[in-house]
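Colleague: Quick one, fold the following:
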Amino acid sequence: MKNRGYYGAFGGAFLPEILVATFEELVKAFEEARQDPGFRREFEEIMTNYCGRPTPLTFAENLTKHFGGPRIYIKREDLNHTGAHKANNVMGQGLLVKRMGKSRVIAETGAGQHGVATATMAAKFGFQCTIYMGEKDVDRQRPNVFWMERLGADVVPVRDGSRILKDAINEAFRDWVGHMEDTHYVLGTACGPHPYPEMVSYFQSIIGMEARNQIMEQEGRLPTRVFACAGGGSNALGVFSGFPDDSIERVAVEAGGKGLESGRHAARIASKDGNIGVAQGYKSYFLQDSDGQMRETHSVAAGLDYVGVSPILAAMAKEGRVRFEAATDREVLEALTLTMNKEGVIPALESAHAFAQAFKEAPDLSGEDILLINQSGRGDKDIFTIADAYNDSAWGDFIRERADHYGA
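Modeller: Numbering: from 1, shown residues only. As a prediction, the model looks like this:
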């Protein structure tokens, strides 16, 4: 990467001296692997025969009829192994770990999908595995915690700070400093110091390459707009990579939470609250106060409440190559309900942000337009959060009965 991992004014590798040699080793391993055709073949083979790629591109016929305008397609990353796009990056990094001869992996997770994917990869390749997860996310994503532990991972609740994703990342870096010789940090999104933004985007680009070929096969032309939710930015960069054409509008949808004016959101670029700063080893937009301290964030989706955003997306936004929008918790739940009722598809709450923004824009478009929505994951992991949001009394009764059972 020219200029050592910078994307315009963003990116870089702001590292403590103790980690410099470890990052140089990782940069070297990644560059050598990327130039090795055998590595790419091995990556594509495991994605095909183990993870189930290519994932389908589904024509949303009922949603298309509902809006009466653009043709709507859904890229089904929910059908990737472990239920989300996270496996793409994790399997790629797992192959790098083998290449570097290390025996242990650590990771952070918010919604839990990256944690499940990392635990799965560790089981497949025979690595020891530790997952750091904010205590708040452990509570709201308990099913994923259950599966991580069953897969053999040690899940460590992080009780510092806001007890969410950024705090889990901090704890993972602390672990790495003490175990660099045998441990690799499988960072889950396109943030952090170089080479992580570039490396994660490289592995996730498989989404966009597939989607471009699939839409051309089905429609004979490219989409008008491509929508993806944006936390750290890995799924957005993955699908956007297949559509670099200037004529295609790329829309990244952040967590609007309780509304941008409320201060309870995680919109780094779509709001007026994000500022350029340096944190967790890279330069980008962060939600921070006037003293540079990171602010608390909020989202109904555990995977979108990260305080920063990929430096690649930050550069693309500044250059006008990606439009950032925000969807509120209420809009997300409405979009989730509509998608389930019309298509029988259950997006993750993170993915539902992309659906929400696409649905807001669809009424203003015509039948000549094509919308592509990246469904980055499936919503079964969110059953507790969704049931609470719907105030489902039958579900509440069931949980109370099970609690009585376990307490007996």
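
Colleague: Parallel or antiparallel, list what pairs with the host helix or strand of His184.
Modeller: Taking DSSP states H and E as the criterion, His184 maps to strand 183-185. Strand 183-185 has its sheet partners listed here by DSSP bridges as strand 104-109 (parallel).

Colleague: Could you give the separation of the strand it pairs with from the chain centroid?
Modeller: Chain-centre distance of strand 104-109: 15 Å, with C-alpha atoms, centre = their mean, to the nearest Å.

Colleague: following the strand holding His184, which helix or strand comes up?
Modeller: Using DSSP H and E, the next helix or strand after strand 183-185 towards the C-terminus is helix 196-219.

Colleague: hey, C-alpha coordinates of that next one in PDB?
Modeller: Output in PDB follows, covering the C-alpha atoms of helix 196-219 (Å, rounded to 0.1, in the frame of the first residue of the first chain):
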ATOM      1  CA  TYR A 196      -5.900  -4.200   8.900                       C
ATOM      2  CA  PRO A 197      -8.100  -1.800   6.800                       C
ATOM      3  CA  GLU A 198      -6.500  -2.900   3.600                       C
ATOM      4  CA  MET A 199      -6.400  -6.600   4.600                       C
ATOM      5  CA  VAL A 200     -10.000  -6.900   5.800                       C
ATOM      6  CA  SER A 201     -11.200  -5.100   2.700                       C
ATOM      7  CA  TYR A 202      -9.200  -7.500   0.500                       C
ATOM      8  CA  PHE A 203     -10.900 -10.500   2.000                       C
ATOM      9  CA  GLN A 204     -14.300  -8.900   2.000                       C
ATOM     10  CA  SER A 205     -14.100  -7.900  -1.600                       C
ATOM     11  CA  ILE A 206     -15.400 -11.400  -2.500                       C
ATOM     12  CA  ILE A 207     -18.900 -10.000  -1.700                       C
ATOM     13  CA  GLY A 208     -18.700  -7.200  -4.400                       C
ATOM     14  CA  MET A 209     -17.000  -9.400  -7.000                       C
ATOM     15  CA  GLU A 210     -19.800 -12.000  -6.700                       C
ATOM     16  CA  ALA A 211     -22.600  -9.400  -6.600                       C
ATOM     17  CA  ARG A 212     -21.400  -7.600  -9.700                       C
ATOM     18  CA  ASN A 213     -21.300 -10.800 -11.700                       C
ATOM     19  CA  GLN A 214     -24.700 -11.900 -10.400                       C
ATOM     20  CA  ILE A 215     -26.500  -8.700 -11.100                       C
ATOM     21  CA  MET A 216     -25.000  -8.600 -14.600                       C
ATOM     22  CA  GLU A 217     -26.200 -12.200 -15.200                       C
ATOM     23  CA  GLN A 218     -29.700 -11.400 -13.900                       C
ATOM     24  CA  GLU A 219     -30.200  -7.900 -15.300                       C
END
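
Colleague: Buried residues in the following helix or strand past that helix, which are they?
Modeller: Downstream of helix 196-219, the next assigned helix or strand under DSSP H and E is strand 225-229. Neighbour counts using 16 or more other C-beta atoms under 10 Å place 225-229 of strand 225-229 among the buried residues. (Each C-beta comes from the backbone N, C-alpha and C, glycine too.)

Colleague: avg pLDDT for the strand holding His184?
Modeller: Across strand 183-185, pLDDT averages out at 97.
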